[in-house]
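1. got a predicted structure plus its sequence, pasted below:
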Amino acid sequence: MPAVTKVCCIGAGYVGGPTCAVIALKCPHIKVTIVDLNQSRIDAWNSADYKLPIYEPGLEDVVRRARGRNLFFSTDIDGSIQEADLIFVSVNTPTKKSGVGAGFAADLNYVESATRRIAKVATSSKIVVEKSTVPCRTAESMRIILEANSSPNCRFDILSNPEFLAEGTAINDLFKPDRVLIGSLQTPEGIAASNALVEIYANWVPKERILSVGLWSSELSKLAANAMLAQRISSVNALSAICEATGANIDEVAHAVGYDSRIGPNFLRASVGFGGSCFQKDILNLVYLSESLHLPEVAEYWKQVVIMNEYQKRRFSKTVVDMLFNTITGKRIAVLGFAFKADTGDTRESPAITLVRDFLLEKAHVSIYDPQVEHAQIWSDLSEALPLVPLPNLQKQVHITSSALDCCKDAEAVVIATEWREFREIDWEAVYRGMNKPAFVFDGRLLVDAQKLRSIGFKVTVIGRGEQL
Ligand code: UDX
Ligand code: UDX
Ligand code: ADP
């Protein structure tokens with residue numbers, strides 16, 4: 001199989017954008033075109049002042065170095081498909097909201113329509129790479145669609161190449177991946193296609209970190225990795241509840257447990273709950289898959305990870321109400337952070353959405369500050385979380401500010417929902433002066449120095465700490 005010289009990426013989102021920008025940077029001999037249906041997204045990627053559609057540390061630098069050289073963003077999907085040797089499919093795969101498998105199964109509509117587009121317009125053979133997170137056997141469906149609809153003399157080889165980047169550290173994860181996983185049919189043609197993709201990554205990733213496996217193992221590994229990562233957080237969060245009830249300290253417990261080399265120290269930070277577009281979706285996919293395979297015990301096992309996460313969020317908002325003398329009606333609650341984690345503007349499945357919803361249902365006034373999330377996004381997330389509350393009513397109850405200090409002004413309580421570094425460094429004395437007393441801080445991210453805040457006068461509650469205010 002000749003070496004790949006032209007790559008097309010369908011979907012210019014959180015996965016396709018950074019991944020293919022890095023491929024372009026590291027492979028100057030390959031022309032990479034990232035296409036999307038969404039004109040304004042493409043315009044943002046092409047903007048002269050590099051106001052890119054997603055916030056990701058280091059991304060702008062990559063785009064500055066490669067854009068116009070061998071990296072292009074376009075809405076000409078058909079033209080880009082036609083000229084490419086290899087096509088990444090990086091479209092969104094949200095959880096289905098209605099129909100069979102609603103609430104669990106992935107909505108593969110976007111994957112299918114991108115696949116059909118490839119079949120319709122391709123005039124030469126292609127390697128088609130499934131990059132979006134998808135349930136097992138999606139590659140097989142893509143293969144059937146492509147083969148049933150292709151023109152003569154077009155051969156399609158399907159690969160699965162799941163993405164393991166985490167938002168906020170995507171560029172570093174792409175520069176130095178723990179591993180690159182490539183799944184293919186174990187036929188001579190499948191292996192040749194896999195080798196062609198290995199050669200692209202080998203431009204910067206050591207070969208021993210590029211793992212070639214069967215198609216279904218690759219698809220399942222992605223779901224498994226995310227499910228096991230999320231399971232660690234639900235495990236540590238379940239322990240945080242025991243800590244609060246007993247007076248133990250989750251930091252100390254996680255530290256001691258993580259010292260066991262079989263367990264390891266990373267990804268054991270208790271929190272108000274995990275968010276992001278992947279964890280919940282992938283576990284629900286795994287649950288749905290297990291149920292469809294008639295493995296109800298397996299499905300139940302993984303479902304508990306999500307149930308525990310919901311419990312953690314609910315438990316935290318209940319703590320806030322309990323501490324504020326069992327009522328927050330009419331009180332102002334300042335929520336610091338709305339993104340699902342620090343260093344991203346992404347709010348998909350953010351625990352902050354659930355917290356704010358709970359506070360609003362208790363008839364509190366909520367002020368919100370996040371350094372990266374667009375205000376329009378916050379309104380849209382809250383409208384979706386509270387479909388029965390008309391936007392004008394919501395806007396009477398919620399106030400979005402452009403600084404942490406403004407957010408906390410006149411509040412009874414500050415709730416830390418995202419671990420942005422700037423929240424550790426704000427002038428807490430000034431925050432205290434501006435608040436109603438007693439002034440409460442609820443740290444859902446183990447972020448602040450509780451002792452220091454107490455010495456200022458705050459009543460501080462930290463997740464996973466049994467100690468008193
Ligand atoms: C995750 C996987 O890490 C990545 O490999 C996969 O490709 C996509 O899903 P992402 O969702 O971007 O990445 O971020 P991640 O850092 O994994 O955090 C997910 C959520 O877990 C966040 O809400 C984060 O705050 C939370 N988290 C993470 C914790 O609560 N505690 C931790 O110790 C780690
Ligand atoms: C365990 C803990 O490892 C040890 O730290 C603690 O002090 C006591 O409990 P032990 O029960 O002696 O030690 O053996 P361990 O190697 O942990 O194995 C426990 C069981 O898990 C065995 O049945 C083993 O076969 C099984 N196991 C272990 C697996 O099935 N798969 C694995 O990957 C590891
Ligand atoms: P992810 O986190 O998986 O990257 P995003 O929603 O950030 O998800 O990005 C997916 C992108 O894919 C969106 O910008 C969407 O417009 C684009 N997209 C979806 N379907 C198609 C399609 N058939 N052709 C081109 N782009 C598509």
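-> Now that the structure is in, tell me what you want to look at. These figures come from a predicted structure and were not determined experimentally. Ligands and ions are numbered 1, 2, ... in the order given.
2. which stretches in the stretch 201-350 of the chain count as strands?
-> 210-214, 332-336 (DSSP state E, counting those that start in this stretch).
3. among these, which is the most enclosed?
-> Of all the strands of the stretch 201-350 of the chain, strand 332-336 carries the top mean neighbour count, a mean of 27, counting by mean count of other C-beta atoms under 10 Å. Every C-beta, even on glycine, is put in place using the N, C-alpha and C of the backbone.
4. the closest residue to ligand 1 within the stretch 301-450 of the chain - how many residues pack around it?
-> Relative to ligand 1, the nearest point of the stretch 301-450 of the chain is Lys341 (3.7 Å; C-beta to the nearest ligand atom). Other residues lying near Lys341 total 21 when counted by other C-beta atoms under 10 Å.
5. ditto for Leu391
-> 12.
6. and if you look at Met1?
-> Around Met1 there are 15 residues (other C-beta under 10 Å).
7. could you do Ile144 as well?
-> 12.
8. tell me the SS of it?
-> Under DSSP: H, G, I helix; E, B strand; the rest coil, Ile144 falls in the helix class.
9. measure it to ligand 3 for me?
-> 18 Å (C-beta to the nearest ligand atom, to the nearest Å).
10. could I get the contacting residues of that residue?
-> Not one residue lies near Ile144 by C-beta atoms under 8 Å, 6 or more residues apart in numbering.
11. now for Gly276: which residues touch it?
-> Contacts of Gly276 (C-beta under 8 Å, 6+ apart): Glu167, Phe340, Lys341, Asp346, Arg348, Glu349, Ser350.
12. quick one: which of those residues has the most company?
-> Ser350 (28 neighbours).
13. so what's the closest residue to that one other than its chain neighbours up against?
-> Distance criterion C-beta to C-beta, 6 or more residues apart in numbering; nearest residue to Ser350, sequence neighbours excluded, is Phe340 at 3.9 Å. Phe340 makes contact with Glu167, Phe274, Gly275, Gly276, Asp346, Thr347, Arg348, Glu349, Ser350, Pro351, Ala352, Thr418 under the criterion C-beta under 8 Å, 6+ apart.
14. which of those are close to ligand 1?
-> Glu167, Phe274, Gly275, Gly276 (C-beta under 6 Å from any ligand atom).
15. which members of the residues you listed are the farthest-apart pair?
-> Glu167 and Phe274 (12.4 Å; C-beta to C-beta).
16. follow-up on the earlier one: how about the strands of the stretch 201-350 of the chain, which one is nearest Ser74?
-> Ranking these by their distance to Ser74 (criterion: C-beta to C-beta) puts strand 210-214 first, at 28.7 Å.
17. from the contact counts, what lies against that closest one?
-> strand 180-184, helix 188-201 (3 or more C-beta pairs under 8 Å, 6 or more residues apart in numbering; DSSP states H and E).
18. can you lay out these as TSV showing mean pLDDT and mean neighbour count?
-> TSV is the format used below for the helices and strands packed on strand 210-214 (pLDDT from 0 to 100; neighbours: other C-beta atoms under 10 Å):
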stretch	mean pLDDT	mean neighbour count
strand 180-184	97	24
helix 188-201	97	18
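19. want to throw these into CSV with distance to ligand 1?
-> Output for the helices and strands packed on strand 210-214, formatted as CSV (distance: least, C-beta to the nearest ligand atom, whole Å):
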stretch, distance to ligand 1
strand 180-184, 11
helix 188-201, 16
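20. now distance to Phe267 too, for those, in CSV please.
-> CSV is the format used below for the helices and strands packed on strand 210-214 (distance: least, C-beta to C-beta, whole Å):
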stretch, distance to Phe267
strand 180-184, 19
helix 188-201, 24
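21. what parts of the stretch 151-300 of the chain come near ligand 3?
-> Ser277.
22. in the stretch 151-300 of the chain, what residue comes closest to ligand 3?
-> For the stretch 151-300 of the chain, C-beta to the nearest ligand atom, closest residue to ligand 3: Ser277, 5.2 Å.
23. give me the neighbour count for that residue.
-> 21.
24. same thing with the one 5 residues further on?
-> Taking other C-beta under 10 Å as the criterion, the count of residues near Asp282 is 27.
25. swap in Ile463?
-> The burial count for Ile463: 26, using other C-beta under 10 Å.
26. same deal with Pro152?
-> Neighbour tally, Pro152, other C-beta under 10 Å: 4.
27. separation between it and Asp85?
-> When distance is defined by C-beta to C-beta, to the nearest Å, Pro152 is 19 Å away from Asp85.
28. ok, now Asn249?
-> 55 Å.
29. same check on Asn436?
-> Taking C-beta to C-beta, one finds Asn436 at 64 Å from Asp85.
30. compare the two (neighbour count), which wins?
-> Neighbour totals were compared for Asn436 and Asp85, and Asp85 leads with 19 against 13 (other C-beta under 10 Å).
31. let me see the domain layout of this protein.
-> 6-205, 217-469 (automatic domain parsing).
32. may I see the buried residues of stretch 63-80?
-> For stretch 63-80, the neighbour count (16 or more other C-beta atoms under 10 Å) marks Val63, Ala66, Arg67, Asn70, Leu71, Phe72, Phe73, Ser74, Ile77, Ser80 as buried.
33. what's the span of it, first residue to last?
-> Taking C-alpha to C-alpha, to the nearest Å as the measure, stretch 63-80 stretches 19 Å from start to finish.
34. quick one on the thing from earlier: tabulate the contacts of Phe340 (JSON lines), appending pLDDT and distance to Ala254.
-> Conversion of the contacts of Phe340 to JSON lines gives the following (pLDDT from 0 to 100; distance: C-beta to C-beta, whole Å):
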{"residue": "Glu167", "pLDDT": "93", "distance to Ala254": "22"}
{"residue": "Phe274", "pLDDT": "98", "distance to Ala254": "15"}
{"residue": "Gly275", "pLDDT": "98", "distance to Ala254": "19"}
{"residue": "Gly276", "pLDDT": "95", "distance to Ala254": "20"}
{"residue": "Asp346", "pLDDT": "95", "distance to Ala254": "25"}
{"residue": "Thr347", "pLDDT": "97", "distance to Ala254": "26"}
{"residue": "Arg348", "pLDDT": "95", "distance to Ala254": "26"}
{"residue": "Glu349", "pLDDT": "97", "distance to Ala254": "23"}
{"residue": "Ser350", "pLDDT": "98", "distance to Ala254": "22"}
{"residue": "Pro351", "pLDDT": "98", "distance to Ala254": "18"}
{"residue": "Ala352", "pLDDT": "98", "distance to Ala254": "22"}
{"residue": "Thr418", "pLDDT": "98", "distance to Ala254": "19"}
